[in-house]
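**Student:** coordinates only, sequence not included:
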């Protein structure tokens, strides 16, 4: 075999191995990061529309990460959960601007607001790469004891990620309005009825853990 | 151009292409056909060309389908015979085409794929003729293969650009940079694989040619990731506009019209194809900040108060803020922020002087203003007056030329619009 052939084949083997390493370990992380950054545009848009939501996504995100770790979710599940955090409220863009500035709501206004999860889910259904998150987003404000129930002739149970979002967003919302003690009480009182017991316990465990003090401070302060 | 007219145009171009393909085939056949000296090698290379052809990567919304069959077709040309290479290429392309269009109701895809087959024949024949002239004995194999790949890739891309040019009526120069860039990337990737195949042929280690599917697979995976990133990019644009349309339903149609025209104006002003595409995407997103604007203010009939005006005007900053986290929108962010700046320096949000306003912002400003003035059905609800006629709107743009709008952009826009009415 000529020197030229040996050189070409050696270089091609090295290049192929490097390419495989890059594709296997580096590129997926870059793609995932880019994906997550894109999702940030949606939550930013909603937080700009409704000043009362300012900074909420970051708080929900930090706390969700801690709860997901506590529940030993896989990397894929955590990734989907974080995307759902960014997308959970995109349906709020269809809610009248004025409504969000009201301090108290009539029953009709409350019903209008409550539709945002359904609208968010419907919007995600239209996007092929986000369709798998539609169910998580659609049911992220449901009561735990409402399910399983029959839908379209089949027994339906919302995705577990929806249960996590339900608990975390409820805690963050309550804490932003009424403070830490009231938020904790809200969750504790809803265990097994409004909130999934396993998720609620994980959240309560996380917020009382000294090991996670710093991320938690970032999340809820 | 309507879809019917585009189809007719395509059929006409197809007839021309097939005419050339026939001439190319006859020219090649006149060189003489010889039975393949090594049927086993032909079977291996043809099989690999077929496998590579069956694993294409489709780049979203660009109509570009990349396959890795070329290095193996080149190997057939050099090691087995040029006529055999042409047959392998056409059979592989046609088989894949058949499976791709099978079951599709429209005949347009079939015509597109027929044009692909014609382009393959012409490219193979041209590459075969060139290597026959430059390397009559096809040695050194590596040199002959790389030349084959280079000629094939160039002819192929020029013909693809020709078809696109004839269908879109864009200036030929508008496609040049895309063709050159795609040709360069394709040539490098194909040549790398081709070089390895050539070395293995030269050393007569035929079985090892099968292992070249590993780098081909890796390159394919890389391109698939790239395609995925493109898809995410377009889906993000689509989803954001969906949000805007939910918040302000009147935007339906307006964004589509503005983006299409803005791209045409960009081409007319001599911007590159990549830049024109970015202008189109920026035009779709230019009002994205209005998601954060109170719809009752935006749709208010009559004059806005000072406070309301300030609120509405913040949409330019908010738009930039929304898009800022997305790395793919880095080029677009300043254009979105400054699309209400004016050459006389009295625009918002930063009151930039003329020389600091990007041309892309000026294009969007003109097209947006025209569409708002002429207001199609869905935009009438937001304009507080009856829509203007096209002629009056053009006069208004010209009246504000040099103060509110850039003179060159207004002129380019006028020519673009006039062409539509011809």
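**Tutor:** Done, it's in. Please read all numbers here as calculations on a predicted model, not as lab measurements. Residues are numbered from 1 along each chain as shown, chains lettered A, B, ... in the order given.
**Student:** quick one, strands of chain A?
**Tutor:** A:149-151, A:154-156 (DSSP state E).
**Student:** ok, now how distant is the closest residue to residue B:46 other than its chain neighbours from residue B:74?
**Tutor:** Nearest residue to residue B:46 in three dimensions, chain neighbours excluded: residue B:88, at 4.7 Å (CB to CB, 6 or more residues apart in numbering or on different chains). Just so you know, the C-beta spots here come from the backbone N, C-alpha and C atoms, and that holds for glycine as well. Separation of residue B:88 from residue B:74 (CB to CB, to the nearest Å): 10 Å.
**Student:** these two: which has the busier surroundings?
**Tutor:** Using other CB atoms under 10 Å in any protein chain shown, the more surrounded residue of residue B:88 and residue B:74 is residue B:74, with 35 against 26.
**Student:** immediately after whichever strand or helix holds that one, which helix or strand?
**Tutor:** Using DSSP states H and E, residue B:74 sits in helix B:70-79. Where DSSP H and E defines the elements, the next helix or strand beyond helix B:70-79 is helix B:82-101.
**Student:** and that next one, what does it pack against?
**Tutor:** The contact analysis (3 or more CB pairs under 8 Å, 6 or more residues apart in numbering or on different chains; DSSP states H and E) places helix B:82-101 against helix B:3-30, helix B:39-53, helix B:70-79, helix B:108-134.
**Student:** by contact count, what packs against the host helix or strand of residue B:243?
**Tutor:** If you go by DSSP H and E, residue B:243 is part of helix B:213-247. Judged by 3+ CB pairs under 8 Å, 6+ apart, the packing partners of helix B:213-247 are helix A:3-21, helix A:27-49, helix A:116-125, helix B:39-53, strand B:57-59, helix B:172-202, helix B:273-285.
**Student:** averaged pLDDT, the very next helix or strand once past it. What do you get?
**Tutor:** Beyond helix B:213-247 on the C-terminal side, the first helix or strand identified by DSSP H and E is helix B:254-268. Averaged across helix B:254-268, pLDDT comes to 92.
**Student:** what does stretch B:362-372 give?
**Tutor:** Mean pLDDT, stretch B:362-372: 95.
**Student:** how about the helices in chain A?
**Tutor:** A:3-21, A:27-49, A:56-70, A:75-87, A:107-114, A:116-125, A:134-138, A:160-178, A:180-190, A:197-208, A:213-220 (DSSP state H).
**Student:** any idea which of these scores lowest on pLDDT?
**Tutor:** Among the helices of chain A, helix A:213-220 scores lowest, at a mean of 56.
**Student:** so what's residue A:68 closest to, chain neighbours aside?
**Tutor:** residue A:78 (4.8 Å).
**Student:** can you pull out the low-pLDDT segments for the stretch 1-150 of chain B?
**Tutor:** B:1-15, B:17-18, B:21, B:24-37, B:60-64, B:101-113 (pLDDT under 70).
**Student:** how about the stretch 201-350 of chain B?
**Tutor:** Across the stretch 201-350 of chain B, not a single residue meets the criterion (pLDDT under 70).
**Student:** spit out the contact partners of residue B:116.
**Tutor:** By CB atoms under 8 Å, 6 or more residues apart in numbering or on different chains, the contact list for residue B:116 reads B:93, B:97.
**Student:** now do the contacts for the residue nearest to residue B:73 when sequence neighbours are not counted.
**Tutor:** Leaving aside its chain neighbours, residue B:73 sits nearest to residue B:89 (4.8 Å; criterion: CB to CB, 6+ apart). With contacts defined as CB under 8 Å, 6+ apart, residue B:89 is in contact with B:49, B:69, B:73, B:120-121, B:123-124.
**Student:** what does stretch A:93-103 rub up against?
**Tutor:** Residues contacting stretch A:93-103 (CB under 8 Å, 6+ apart): A:45-46, A:49-50, A:52, A:92, A:105, A:109, A:112-113, A:115-116, A:119, B:243-244, B:246-247, B:291, B:293-296.
**Student:** need the contact list for the closest residue to residue A:35 other than its chain neighbours.
**Tutor:** Residue nearest to residue A:35 in three dimensions, not counting chain neighbours: residue B:232, with 5.8 Å by CB to CB, 6+ apart. Contacts for residue B:232 (CB under 8 Å, 6+ apart) come out as A:31, A:34-35, A:38, A:129, B:328.
**Student:** now the residue in the stretch 301-422 of chain B positioned nearest to chain A, what's its secondary structure?
**Tutor:** In the stretch 301-422 of chain B, the residue that lies nearest chain A is residue B:325 (3.6 Å; CB to the nearest CB). Taken by DSSP: H, G, I helix; E, B strand; the rest coil, the conformation at residue B:325 corresponds to coil.
**Student:** and the residue in the stretch 1-150 of chain B that chain A sits nearest to, what helix or strand is that in?
**Tutor:** Nearest residue of the stretch 1-150 of chain B to chain A: residue B:142, at 7.8 Å (CB to the nearest CB). Per DSSP H and E: residue B:142 is located in helix B:141-168.
**Student:** quick check: residues of the stretch 301-422 of chain B near chain A?
**Tutor:** Within the stretch 301-422 of chain B, the residues that sit near chain A (CB under 8 Å from any CB of the partner chain) are B:318, B:321-329.
**Student:** how about 10 Å then?
**Tutor:** B:314-315, B:317-319, B:321-329 (CB under 10 Å from any CB of the partner chain).
**Student:** over to the stretch 51-200 of chain B?
**Tutor:** Checking the stretch 51-200 of chain B against chain A by CB under 10 Å from any CB, the hits are B:140, B:142, B:192-193, B:195-196, B:198-200.
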